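Asker: Return atomic coordinates for the entry below.
(chains A, B, C and D, ligands or ions: 2)
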Amino acid sequence: MGGWNELYRENILDHYKHPRNRGTLEQPDITYEDANPLCGDELRMELRVKDGRIEQVRWTGHGCSISQAAASMLSERIEGRTLDEVKQLSRDDMLEMLGIELGPVRLKCALLALKTLKAGVYGITQWPGEEEEEGGS
Amino acid sequence: MGGWNELYRENILDHYKHPRNRGTLEQPDITYEDANPLCGDELRMELRVKDGRIEQVRWTGHGCSISQAAASMLSERIEGRTLDEVKQLSRDDMLEMLGIELGPVRLKCALLALKTLKAGVYGITQWPGEEEEEGGS
Amino acid sequence: MAQWTATAALPQPRPFDPRAVRQQFPIFRARREPPLVYLDSAATSQKPDAVLEAMNEYYSLYNANIHRGIYRIAEQATAAYEDARAHLARFLNAGSPREVIFTRNSTEALNLIAYSWGRANLRAGDAILLTEMEHHSNLVPWQILAAERQVELRFIPMTPEGELDLEPLPRLLGDGRVKLVSVVHVSNVLGTVNPVAEIVSAARAAGAVVVVDASQSVPHLPVDVRALGCDFLACTGHKMLGPTGIGALWGRRELLEAMPPFLGGGEMIREVKLTESKWNELPWKFEAGTMAIAEAVGLGAALLYLEGLGMDAVFAHDRELAAYALGRLREVPDLRLLGPPLERRGGVIAFELGDIHPHDVATVLDSHGVAVRAGHHCAMPLHRKLGVVASVRASFHCYSVPEEVDALVEGLHHARSVFG
Amino acid sequence: MAQWTATAALPQPRPFDPRAVRQQFPIFRARREPPLVYLDSAATSQKPDAVLEAMNEYYSLYNANIHRGIYRIAEQATAAYEDARAHLARFLNAGSPREVIFTRNSTEALNLIAYSWGRANLRAGDAILLTEMEHHSNLVPWQILAAERQVELRFIPMTPEGELDLEPLPRLLGDGRVKLVSVVHVSNVLGTVNPVAEIVSAARAAGAVVVVDASQSVPHLPVDVRALGCDFLACTGHKMLGPTGIGALWGRRELLEAMPPFLGGGEMIREVKLTESKWNELPWKFEAGTMAIAEAVGLGAALLYLEGLGMDAVFAHDRELAAYALGRLREVPDLRLLGPPLERRGGVIAFELGDIHPHDVATVLDSHGVAVRAGHHCAMPLHRKLGVVASVRASFHCYSVPEEVDALVEGLHHARSVFG
Ligand SMILES: Cc1ncc(COP(=O)(O)O)c(C=O)c1O
Ligand SMILES: Cc1ncc(COP(=O)(O)O)c(C=O)c1O
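Answerer: Ligands and ions are numbered 1, 2, ... in the order given. As a prediction, the model looks like this:
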């Protein structure tokens, strides 16, 4: 019965129960909403950007602990970073932040925040990780 | 290797090689053509009928030995019979005339003549035997 | 076989021993730690040895393409495929095997009706009547058709308890514009057994053709298409102990005869010229290309297995377990059950656990080996109507045992302690 | 992987031993008298142990519905299903697994294009270009579409030797009305390997979208969708050592993205409201309802098996047997071979035997245990063009051995003596 232990390791539960940067901004420069309707997870990201650097992040949404913790962790990670750095963030970075192994359904929960962020910043609407998977043999 | 022996027992080969009543009538009372396009078998039946009794039968067509032998045997069987007797002819009667066991594809070859006959006489367009099969539990 | 509806008296079935049944399913014999507690039979059922053996036998002894081969194994394969069709026709008490068309699943069966019957019969201004508790597979095909043909969609409403409210039915059917009614027999979320026969008679009196989505009923209770009185019925093999890749549409012969074909190619044709073709007879008119032969054989074996248990007994078993589960789930604090009272439901139970997201509940349960479904179960409008985003669903079949319910309840307590 | 076409040089493949291969197919290990001489692989192939084992493993260890389950076996099942898709994408050298849509068979794949792409893109006055050697499955869907949309059907003619005559191609494409070209890669009757790449470049230059019916090529030779340059390609699992009930459509991503969905329900939806829905992303947009999961797993195992043999080696083996068979068949008096010379054909040989009806030939052969096909092989227009009502067809796969050709020839002599 290690599964839940591992999956809900303290870090995730902590972010879930005490989300960082949750809320909205007065006048965001970038706003993007996305959802994973299959789960009912919804997320809205708001950024204030100056000289290509993210000054402030706020997010709102609802969903499972993984999707909420991921949004919380990601928001901490990107504050103060440049948009170029955000573009570099990969699916593996997100999973590393979460520190868990996930099956295909919950992978989408884990990646919703990053997907929303990248869509808002770059209009990339694929699920993170898919760009890499493709390209053939 | 009994299969072909049994299937092409002399009787069938005899009717195939020396078909009875093959040909056309001057002024038939009933004419009906049918085909089993899946096999390319084609058959045309012509009847002269008087007082509800079949006076003369002629058939033309082409196809495999079973379909041709069946037409030949059936034509012998119905000459002089009443239309009511024809209606009674069942799939089993036809198979008895042929005297062989057949799989689903060749069953249709065997029944084409009877089907053509019944369609011509009664407008019954089902494959012989299907009426009986149906009706539920 | 008596048709069970919400109002009819239950026959007294001869019960079977679910523990013995369970041993006939290889997935439950496989050792694993924790053991598999499979409570997701509404998504797909497990398969008994008999089904796998029938398919292996097909592939190992008489695998061949059907309908055209003049050699022994092709004849065997054709006979086995057509026997499965005839068997399903008897199982549903259909008038003839010709009325049974094999499809990939229920979804394809419903789409077949929408494409073939729908496009031939519906005109702008007509209406289709559905219910608010449909599975997406009995919703989206009609939406696509409705958008294409300017047809109106209407809905029989659902009560907060998850039952159909038939009170507005006369009004919904009253203007004579409803040409087709399609309703789910047993809800895949709430387990509600709908009063289909009643809807059918109202709908047919109003001149509408009636489709029953029997995806969840055919696997679990006796279904008799003639007793139901409907015109079309869809069911799916993988939920009824059969393999994936096969389902069926039953339709009244007159309707099927009059319908244009759906998919073109293969067995559905009688004669083909370069620019035109003649269609084959029923049921082949609707079966294009090489069909799921092994899967039909497997489905036939599943029917035999279900008949051995008795569909009355299967349903009685499901309901007995549901009764036990409802009782035990009421012990769990903050658990909110969805759906109707026991008397009007089958072996499907959906619930919420406080404000813990169903995904989180399912993940904790998985760590206990308990497989449940979490989400909207392909019924978003139903969830929206009930005001919930998603739910947890436990569902049973003939191999389900009370100990599995106990494991579920234990896992739920655990989930509460993690997220509490 | 080099794309083999009629004109390219054959690579030197590493050969395999068909006798050893044969032992891996349970149907050939089963004892029977006379032994099974299976010469009907163009209708359906036999299945190796590996394929049956993969499916049995799925059903016995991780049978679950895919895409939605948050428990271990559902995750395993989802991964296995999607792995099979990715595997097929690599097998065909597709740009992405998203370009591969699972269907029941080739026929459904071709119908999917006709319904979705065809209805969205073709207008009255447009034309579709086919060939005179198409299988009904690549003819009838276009006939239905053509009749519905007042679209003209044109045909690349076939020579009496059973090869495409490309001479009129510029004229057929010249008026710019041809919007879609659909051609068979390898003829299922004559074994002709068509110069698809050449047709593709002419068709694309004329602004047409090109579909390749690869039902008979993907199972027998290396096929590379990018080298072919086509827009869509259809193939079918049961002919490539895989199970029944599964096939695939490959399509260029841009085209698939722009197409409306075909069947509605299940995984193909992103969001469903009562009267409207949003579609899911590729490839799921085109996969409605519970798919053939076990069958996808089985197909994946078949791909692995074929890769183990090497597709170059499979084709070399087919052609070697074809060469042997053509030689031996020429010994049989009154036998008339159909189709092109060896250099331009695969492992399929159709013929007539004097004026003995093919059914009669097949029946005598069956008594020798020899399974061949007799009829029009779902290609009536081709037969009409060749002026024959029906033909006998022998076809090979990796497990076929020369002794089977010998048994065929012996049986043909016998048929002559019975009907002579
Ligand atoms: C060339 C060709 N196209 C299409 C098909 C149809 O394949 P399926 O029946 O698997 O859909 C076949 C097989 O019979 C074929 O040989
Ligand atoms: C009520 C209902 N209808 C339709 C379906 C669709 O069945 P399938 O996915 O087998 O097509 C399901 C199963 O998910 C169902 O429960």
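
Asker: Helix or strand for the residue nearest in space to the middle of chain A, just tell me which one.
Answerer: By CA atoms, centre = their mean, chain A has its centre lying nearest to A:A113, at 2.4 Å. Taking DSSP states H and E as the criterion, A:A113 maps to helix A:104-122.

Asker: Export that helix to PDB, keeping only CA atoms.
Answerer: This file holds the C-alpha atoms of helix A:104-122, laid out as PDB (Å, rounded to 0.1, in the frame of the first residue of the first chain):
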ATOM      1  CA  PRO A 104      -1.900   8.500 -18.200                       C
ATOM      2  CA  VAL A 105      -5.000  10.000 -16.700                       C
ATOM      3  CA  ARG A 106      -3.400  11.700 -13.800                       C
ATOM      4  CA  LEU A 107      -0.500  12.800 -16.000                       C
ATOM      5  CA  LYS A 108      -3.000  15.200 -17.600                       C
ATOM      6  CA  CYS A 109      -3.900  16.500 -14.100                       C
ATOM      7  CA  ALA A 110      -0.200  17.100 -13.500                       C
ATOM      8  CA  LEU A 111       0.400  18.900 -16.700                       C
ATOM      9  CA  LEU A 112      -2.700  21.100 -16.900                       C
ATOM     10  CA  ALA A 113      -0.900  24.000 -15.200                       C
ATOM     11  CA  LEU A 114       2.100  23.800 -17.500                       C
ATOM     12  CA  LYS A 115      -0.100  23.500 -20.600                       C
ATOM     13  CA  THR A 116      -2.200  26.500 -19.500                       C
ATOM     14  CA  LEU A 117       1.000  28.500 -18.900                       C
ATOM     15  CA  LYS A 118       2.600  27.600 -22.200                       C
ATOM     16  CA  ALA A 119      -0.700  28.300 -24.100                       C
ATOM     17  CA  GLY A 120      -0.900  31.700 -22.500                       C
ATOM     18  CA  VAL A 121       2.600  32.600 -23.200                       C
ATOM     19  CA  TYR A 122       3.300  30.900 -26.500                       C
END
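
Asker: So which other helices or strands are in contact with that helix?
Answerer: If you count contacts as 3 or more CB pairs under 8 Å, 6 or more residues apart in numbering or on different chains; DSSP states H and E, helix A:104-122 packs onto strand A:30-36, strand A:41-50, helix A:65-78, helix A:83-88, helix A:91-98, helix C:358-367, helix D:72-91. All C-beta atoms are positioned from the backbone trio N, CA, C, and that covers glycine.

Asker: and that helix with helix C:358-367, angle?
Answerer: Put simply, helix A:104-122 runs at 140 degrees to helix C:358-367, going by axes from the mean of the first three to the mean of the last three CA atoms, to 10 degrees.

Asker: Quick one: end-to-end distance for stretch C:214-233.
Answerer: Terminal residues of stretch C:214-233 lie 6 Å apart, using CA to CA, to the nearest Å.

Asker: List the buried residues of it.
Answerer: Within stretch C:214-233, the residues that count as buried by 16 or more other CB atoms under 10 Å in any protein chain shown are C:214-225, C:227-233.

Asker: Residue 106: neighbour count?
Answerer: Since you didn't name a chain, this refers to chain A. 24 (other CB atoms under 10 Å in any protein chain shown).

Asker: wait, chain C
Answerer: 30.

Asker: any idea how far it lies from C:H238?
Answerer: 10 Å (CB to CB, to the nearest Å).

Asker: Let's see the lowest-mean-pLDDT helix or strand in chain C as CSV, backbone CA atoms only.
Answerer: Ranking every helix and strand in chain C by mean pLDDT, DSSP states H and E puts strand C:269-272 at the bottom, with a mean of 86. Provided in CSV are the C-alpha atoms of strand C:269-272 (Å, rounded to 0.1, in the frame of the first residue of the first chain):
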residue,chain,number,x,y,z
ILE,C,269,-23.0,-5.8,-51.5
ARG,C,270,-24.8,-8.2,-53.8
GLU,C,271,-23.5,-6.9,-57.0
VAL,C,272,-20.9,-4.3,-57.8
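
Asker: which helices and strands does that strand pack with?
Answerer: Partner elements for strand C:269-272 (3+ CB pairs under 8 Å, 6+ apart): strand C:277-279, helix D:380-386.

Asker: need the contact list for the residue of chain C found nearest ligand 1.
Answerer: Here the residue of chain C nearest ligand 1 is C:G289; by CB to the nearest ligand atom that distance is 2.9 Å. Counting by CB atoms under 8 Å, 6 or more residues apart in numbering or on different chains, C:G289 touches C:L263, C:G265, C:G266, C:E267, D:R104, D:N105, D:S106, D:T107, D:E108, D:S137, D:T236, D:G247.

Asker: Among those residues, which lie within strands?
Answerer: Counting by DSSP state E, the contacts of C:G289 place D:T236, D:G247 in strands.

Asker: thinking again about what came up before, which ones among the buried residues of stretch C:214-233 are found in helices?
Answerer: Among these, DSSP state H puts C:V225, C:A227, C:L228 in helices.

Asker: Just name the closest of the residues you listed to D:D83, please.
Answerer: Comparing those against D:D83 with CB to CB places C:V225 closest, at 39.3 Å.

Asker: wait, doesn't that closest one sit right on C:G251?
Answerer: No. Using CB atoms under 8 Å, C:V225 makes no contact with C:G251, being 9.2 Å away.

Asker: what's the overlap in contacts for these two?
Answerer: Joint contacts of C:V225 and C:G251 (CB under 8 Å, 6+ apart) are C:L233.

Asker: Where does pLDDT dip in the chain?
Answerer: You didn't say which chain, so I picked chain A. For chain A, applying pLDDT under 70 flags the ranges A:1-5, A:131-137.

Asker: wrong chain, I was asking about chain C
Answerer: C:1-12.

Asker: Contact residues of it facing chain B?
Answerer: C:67-70, C:72, C:74-75, C:78-79, C:82, C:89-90, C:93-98, C:226, C:270-271, C:278 (CB under 8 Å from any CB of the partner chain).

Asker: which residues touch stretch A:27-46?
Answerer: A:24-25, A:47-49, A:57-64, A:67, A:71, A:75, A:105, A:108-109, A:112-113, A:115-117, A:119-121, C:359, C:375-376, C:380, C:383, C:389-390, D:68, D:270-271, D:278.

Asker: repeat that for 6 Å
Answerer: A:24-25, A:47-49, A:58-63, A:67, A:71, A:108-109, A:112-113, A:115-117, A:119-120, C:389-390, D:270-271 (CB atoms under 6 Å, 6 or more residues apart in numbering or on different chains).

Asker: List only buried entries from these.
Answerer: For the contacts of stretch A:27-46, buried by 16+ other CB under 10 Å: A:25, A:47-49, A:58-59, A:61, A:63, A:67, A:71, A:108-109, A:112-113, A:115-117, A:119-120, C:389-390, D:270.

Asker: Which residues does C:V193 form beta bridges with?
Answerer: Per DSSP bridges, the residues bridged to C:V193 are C:V186.

Asker: Give me the neighbour count for it.
Answerer: C:V193 has 24 neighbours, counted by other CB under 10 Å.

Asker: wait, isn't it in contact with C:V186?
Answerer: Yes. In this structure, C:V193 is within contact of C:V186 by CB atoms under 6 Å, at 5.3 Å.

Asker: Can you pull the residues that touch both of the two?
Answerer: Between them, C:V193 and C:V186 share the contacting residues C:G346, judged by CB under 6 Å, 6+ apart.

Asker: Now do the buried residues in stretch C:24-35.
Answerer: Buried-residue list, stretch C:24-35, by 16+ other CB under 10 Å: C:Q24, C:F25, C:P26, C:I27, C:F28.

Asker: repeat for stretch C:184-193
Answerer: By 16+ other CB under 10 Å, the buried positions in stretch C:184-193 come out as C:V184, C:H185, C:V186, C:S187, C:N188, C:V189, C:L190, C:G191, C:T192, C:V193.

Asker: So what's the gap between that stretch and the chain middle?
Answerer: In terms of CA atoms, centre = their mean, to the nearest Å, the gap separating the centre of stretch C:184-193 from the centre of its chain is 10 Å.

Asker: Give me the contacts around it.
Answerer: C:6, C:42, C:133-135, C:162-163, C:196, C:212-214, C:216-217, C:338-340, C:344-346, C:348, C:350, C:377, C:379, C:382.
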